[in-house]
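Engineer: Structure of the sequence below:
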Amino acid sequence: MPNVAFINGAFMPLAEAKVSIEDRGFQFGDGIYEVIRTYKGRPFAIEAHLARLDRSALALSLTQPYSRAEWADHVMEGIRRAAYPEAKVYIQITRGVAPRDHAYSDEVTPTVVMTVREFHPLDRSVQAAGVEAMTIEDIRWGRCDIKSVNLLANVLARQQVKQAQVFEAILVNAGLVTEGAISNVMVVQGGTVVTAPEGPRILPGVTRAVVLDLALSEGLPIQERFVSQADLYEADEVFLTGTTVEVLAVVRIDGKVIGDGRPGPITQRLAAGFTSRVG
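Structural biologist: As a prediction, this is how the structure comes out:
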């Protein structure tokens, strides 16, 4: 089964896909993206992902070349062509091809890229045991709510994670927890689920929204506020949410054991609810 690409309206094998070196995405990181995964071959929460793509495009005054309905058709066709049991769909829109200059012309035509690759979910044993994380200073730009292709700070954080042989970097800004390098972060304090509020300091995660809705439906109190790094260590439970990680317990941070060192009851409850919702 092939990895599939969709470039400016045309499907092709990924190995044949090319964009210009003059593309502003390559030159400046002037672009946005989304990642959608499938469950049983169907894209999950595609409407929410495409709505966020629209919001990111609007924030950068970037022309959206397709309607949400057209994007949904392209995504489904890409999944059909790839024919993987489960797939990860990556969508990217850049400002387009133009002579290299920081300022841009309104007449530049956006470059559209979509790739469809096989997706391998986390092994259930990892979810059952939980993972280890480390805290890192959040050095990202001031509009983290835009899903921009400017990911250098995330790249550096993930490389530190790789070298430290832990799962995720939890980002801390002025002593307050923002989010993970590839995830949103939630903590449980006295039975309340607490997570950073939406705004320019975090990405409004699609899975984050689903999990908060699940918590409300389960009768769990939630608070959207920042917690301190010290509070993180003292939390009853800590877990990550995200498209690729789903709901994933963190059992150790910076070498410190969280709770009793196992996925906590609220994390397990929300993970089970999420599995039921996507199943």
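Engineer: mind giving me the domain ranges of this protein?
Structural biologist: 4-118, 124-278 (automatic domain parsing).
Engineer: Any chance of the ones you listed in JSON lines with mean pLDDT and mean neighbour count as columns?
Structural biologist: C-betas here are computed from N, CA, C, even on glycine. Output for those, formatted as JSON lines (pLDDT from 0 to 100; neighbours: other Cβ atoms under 10 Å):
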{"stretch": "domain 4-118", "mean pLDDT": "97", "mean neighbour count": "17"}
{"stretch": "domain 124-278", "mean pLDDT": "97", "mean neighbour count": "18"}
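Engineer: Might you report the residue contacts of T38?
Structural biologist: F44, I79, E86, A87, K88, V89, F119 (Cβ atoms under 8 Å, 6 or more residues apart in numbering).
Engineer: Over to A249?
Structural biologist: Q127, G130, V131, E237, V238, F239, R262, P263, G264, T267, Q268, A271 are the contacts of A249 under Cβ under 8 Å, 6+ apart.
Engineer: Quickly list what the fourth one is bridged to.
Structural biologist: In this structure, E237 has beta-bridge partners V188, where bridges are defined by DSSP bridges.
Engineer: I'd say it and R269 touch.
Structural biologist: No. The criterion here is Cβ atoms under 8 Å, and E237 misses it with R269 at 10.3 Å.
Engineer: Direction included, what does the strand or helix carrying Q223 pair against?
Structural biologist: If you go by DSSP states H and E, Q223 is part of strand 222-224. Sheet pairing here is set by DSSP bridges, and for strand 222-224 it gives strand 192-195 (parallel).
Engineer: And for the strand it pairs with, what's in contact with it?
Structural biologist: 184-188, 208, 212, 215, 220-225, 227, 266, 270.
Engineer: CA-only coordinates of stretch 252-266 in PDB, if you can.
Structural biologist: Taking C-alpha atoms only, stretch 252-266 is exported to PDB below (Å, rounded to 0.1, in the frame of the first residue of the first chain):
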ATOM      1  CA  ARG A 252       7.000  10.400  36.500                       C
ATOM      2  CA  ILE A 253       8.200  13.900  35.800                       C
ATOM      3  CA  ASP A 254      11.800  15.000  36.100                       C
ATOM      4  CA  GLY A 255      12.400  11.800  38.000                       C
ATOM      5  CA  LYS A 256       9.600  12.600  40.500                       C
ATOM      6  CA  VAL A 257       6.800  10.000  40.900                       C
ATOM      7  CA  ILE A 258       3.300  11.400  40.300                       C
ATOM      8  CA  GLY A 259       0.700  10.000  42.600                       C
ATOM      9  CA  ASP A 260       1.400   6.300  43.300                       C
ATOM     10  CA  GLY A 261       3.400   5.900  40.100                       C
ATOM     11  CA  ARG A 262       0.600   4.400  38.100                       C
ATOM     12  CA  PRO A 263      -2.200   5.700  35.900                       C
ATOM     13  CA  GLY A 264      -4.800   7.200  38.200                       C
ATOM     14  CA  PRO A 265      -8.500   6.400  38.400                       C
ATOM     15  CA  ILE A 266      -9.700   9.600  36.700                       C
END
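Engineer: Make 43 the starting number, not 1.
Structural biologist: Sure thing, new numbering starts at 43, so read that last one as stretch 294-308.
Engineer: Check the offset of it from the chain's centre.
Structural biologist: 23 Å (Cα atoms, centre = their mean, to the nearest Å).
Engineer: Please narrow the contacts of T80 to those residing in helices.
Structural biologist: Judged by DSSP state H, helices contain the following of the contacts of T80: I121.
Engineer: and the contacts of T80 as TSV, adding distance to L213?
Structural biologist: Shown next, in TSV, are the contacts of T80 (distance: Cβ to Cβ, whole Å):
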residue	distance to L213
F86	25
I121	32
E128	28
A129	28
K130	23
V131	26
F161	25
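Engineer: quick check, nearest of the contacts of T80 to I74?
Structural biologist: V131 (14.7 Å; Cβ to Cβ).
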